[in-house]
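S.K.: 3D, please:
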Amino acid sequence: MIKLILIGVSVLLMTIFLGLVILQIRNRQNIAQIQHMLRSEPMQQRFTKELIAELPDPVQRYFLHAIAPETPLATSVRLIMQGQFRLSPEKPWMLMQAEETLTPTGFIWSAKIGSGLSQFQGSDYYFDRAGRMQFSILGLVPIVNVQNPDTARSAIGRLVAELMWLPSALLPQQGVQWQAIDDHTIQAHLRVDDEPVTLTFVIDSKGKLLEGSTLRWGDRTEDGSWKHIPMGGKCYAERTFDGFTIPSQVGVGWWFGSEQYFEFFQATVKQAEF
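M.R.: Down below sits the predicted model:
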């Protein structure tokens with residue numbers, strides 16, 4: 001009798017394990033498909049001063065620093081990054097390795113966070129008007145799998161904030177409207193799937209990006225309710241890849257610019273392919 005029970009338990013555990021494996025295989029196939037669909041070839045058009053001639057001087061200064069003359073206008077970028085991540089101010093920092101594909105209309109970020117038996121793997125993406133976050137312990141046991149209108153709206157805010165890594169997506173030819181608040185503060189106004197978003201950059205006298213921020217839909221509130229929250233960060237270093245000079249070392253958090261600021265993401269971009 002005991003032997004039959006043990007066999008039954010073993011079969012049940014094996015069935016659960018195989019089910020989890022199949023689920024993760026399907027998730028990885030879905031991620032690979034989204035990555036493939038997001039990636040695209042650069043436009044035939046190249047960057048020239050004429051493309052930004054009508055913009056305010058500080059905005060022109062940003063683009064002239066960010067994009068070298070005659071650089072093909074990229075429509076996507078693939079980023080390889082490493083750094084650290086934490087879930088809350090009380091939680092410890094965890095090592096992070098990630099890959100991201102970013103376009104003007106969507107992104108997918110795949111990451112491994114933590115180490116050993118506590119490592120979790122998964123992805124965060126916005127694609128085809130849907131935003132989803134899914135992570136699993138060791139890439140096997142699901143712990144987060146969320147997809148709803150709030151995550152989609154939040155993902156749009158993240159997408160726009162990260163366009164600092166794809167400057168060509170912020171050119172006025174892409175439907176972006178720019179204004180200069182002062183000589184060092186510029187704002188981009190754009191829409192992603194009918195959602196209006198304002199992106200604010202702080203730049204230096206040469207056009208180098210120092211800070212970036214936006215209002216992002218999130219639930220980092222005292223009662224867990226969803227609202228627009230200032231999210232942004234500082235750019236500590238930059239590198240040039242394929243004619244684009246982008247932030248290569250950043251720290252990002254919620255409630256940017258306030259006493260509630262909570263930095264949860266620190267990353268160094270090791271590689272960027274436009």
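S.K.: is it true that Gly83 touches Phe265?
M.R.: Yes - counting by Cβ atoms under 8 Å, Phe265 is a contact partner of Gly83 at 7.3 Å. Where you see a C-beta, it was placed from the backbone N, CA and C, and this is true even at glycine.
S.K.: run a quick neighbour tally on Ser40.
M.R.: The local packing of Ser40 (other Cβ atoms under 10 Å) involves 11 other residues.
S.K.: any idea whether it is helix, strand or coil?
M.R.: Using DSSP: H, G, I helix; E, B strand; the rest coil, the structure places Ser40 in coil.
S.K.: now it: closest residue in space that isn't a chain neighbour?
M.R.: Thr75 (4.6 Å; Cβ to Cβ, 6 or more residues apart in numbering).
S.K.: for Leu166, same thing?
M.R.: Val77 (4.9 Å).
S.K.: how about Arg78?
M.R.: Glu273 (4.5 Å).
S.K.: dihedrals phi and psi, the residue nearest to Ser40?
M.R.: phi -110, psi 0 (degrees, to the nearest 10).
S.K.: neighbours around it, how many?
M.R.: So Thr75, with other Cβ under 10 Å, has 19 neighbours.
S.K.: who are the contact partners of it?
M.R.: Ser40, Glu41, Pro42, Met43, Thr103, Pro104, Ser168, Ala169 (Cβ atoms under 8 Å, 6 or more residues apart in numbering).
S.K.: residue contacts, the closest residue to Trp255 other than its chain neighbours?
M.R.: In space, and not counting its chain neighbours, Trp255 is closest to Tyr261: 5.0 Å by Cβ to Cβ, 6+ apart. By Cβ under 8 Å, 6+ apart, Tyr261 lies in contact with Gly253, Trp254, Trp255.
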